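> mind folding the following:
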Amino acid sequence: MTTITTRGVAYPADGLTMIGYLALPAGVDRRPAVLLGPEGMGLSDVERRRADALAELGYVALAFDLHGGRYLGDPEEMLARCLPLLADPDRMRGIGHAALDVLRTEPRTDPDRIAAIGYGTGGAVGLELGRDGVGLRAIGTVNATTTGRPGEAARIRCPVWAGVGSEDPIMPPARRNAFTAEMQAAGVDWRLTVYGGALHAFHHPPVGHPVVPGVGYHPRHAQRAWRDVVDLLAECLPATEDPGHDPGEDAGAGH
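Coordinates of the predicted model:
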């Protein structure tokens with residue numbers, strides 16, 4: 001395993017002081033970089049371990065914050081913050097651009113080679129960066145088949161991959177179909193992977209607090225989704241990679 005370095009990064013966004021998590025690969029050269037967005041609960045050890053794994057593969061990785069350094073384990077509090085956010089593309093873009101600025105100004109980052117990967121709300125942020133015309137190399141989302149304002153998907157200039165559970169009641173077939181219709185109409189190079197039998201947040205290991213209905217961990221599909229993310233990066237943003245297993249599961253339930 002290569003030696004990586006990590007640190008917290010404070011930066012302003014959405015009227016809050018965000019606390020992101022930056023993971024740097026070994027060496028001193030400029031590297032391709034990945035912006036990593038968390039589920040609606042916020043940045044946790046699951047995303048930190050994924051950032052670590054990306055750094056071990058040779059990427060600069062920034063797991064960004066959604067809630068000013070807080071993890072929202074109360075489902076009602078999470079929904080009260082995330083639902084208005086998801087309904088406001090400009091707020092999502094503000095959060096994404098603030099994190100992207102941190103990633104771009106990191107000396108190890110090659111600013112012309114950046115991808116956005118996100119889960120749930122963090123994935124929706126990545127899609128909005130694409131709809132805002134940001135020059136990303138790839139966008140990958142899990143649990144975020146969200147649509148944007150009419151016509152703006154035409155600004156997406158990179159391949160888009162989305163993964164979703166077939167039994168996800170939060171991203172049901174109607175939402176998936178609207179998302180794929182939007183991508184197709186915009187001429188985007190898109191792919192959708194439907195993981196049979198999986199619920200919402202199927203990639204996220206069990207947590208020690210209540211969750212919204214329709215959420216459930218699916219270990220086998222979690223591994224597959226991680227491999228699909230790594231494959232997307234290997235295709236669109238090459239670096240030395242060994243997919244291994246989904247590092248998110250190593251974080252366990254106690255975060």
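
> now residue 191, nearest residue through space, not along the chain?
residue 161 (4.8 Å; Cβ to Cβ, 6 or more residues apart in numbering). Quick note: C-beta positions are derived from backbone N, CA and C, even for glycine.

> against residue 180, how distant is that neighbour?
12 Å (Cβ to Cβ, to the nearest Å).

> got it, and residue 24?
For residue 24, the distance to residue 180 - Cβ to Cβ - is 36 Å.

> residue 166 too?
In terms of Cβ to Cβ, residue 166 sits 14 Å off from residue 180.

> between the two, which is the more surrounded one?
Per other Cβ atoms under 10 Å, whichever of residue 166 and residue 180 has more neighbours is residue 180, with 18 against 15.

> the helix or strand harbouring that one: which residues count as buried?
According to DSSP states H and E, residue 180 maps onto helix 173-185. Neighbour-count burial for helix 173-185, counted by 16 or more other Cβ atoms under 10 Å, picks out 175, 176, 179, 180, 182, 183.

> and those as CSV, adding distance to residue 58 and pLDDT?
Listed next are the buried residues of helix 173-185 as CSV, based on distance: Cβ to Cβ, whole Å; pLDDT from 0 to 100:
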residue, distance to residue 58, pLDDT
175, 34, 97
176, 32, 97
179, 30, 98
180, 31, 98
182, 33, 98
183, 29, 98
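
> just give me the closest of those residues to residue 223.
residue 176 (21.7 Å; Cβ to Cβ).

> nearest residue to that closest one in space, please, no chain neighbours.
Closest residue to residue 176 apart from its sequence neighbours, by Cβ to Cβ, 6+ apart: residue 145 at 4.8 Å.

> next up, the contacts around that neighbour.
162, 164, 171, 175, 176, 178, 179, 180, 192 (Cβ atoms under 8 Å, 6 or more residues apart in numbering).
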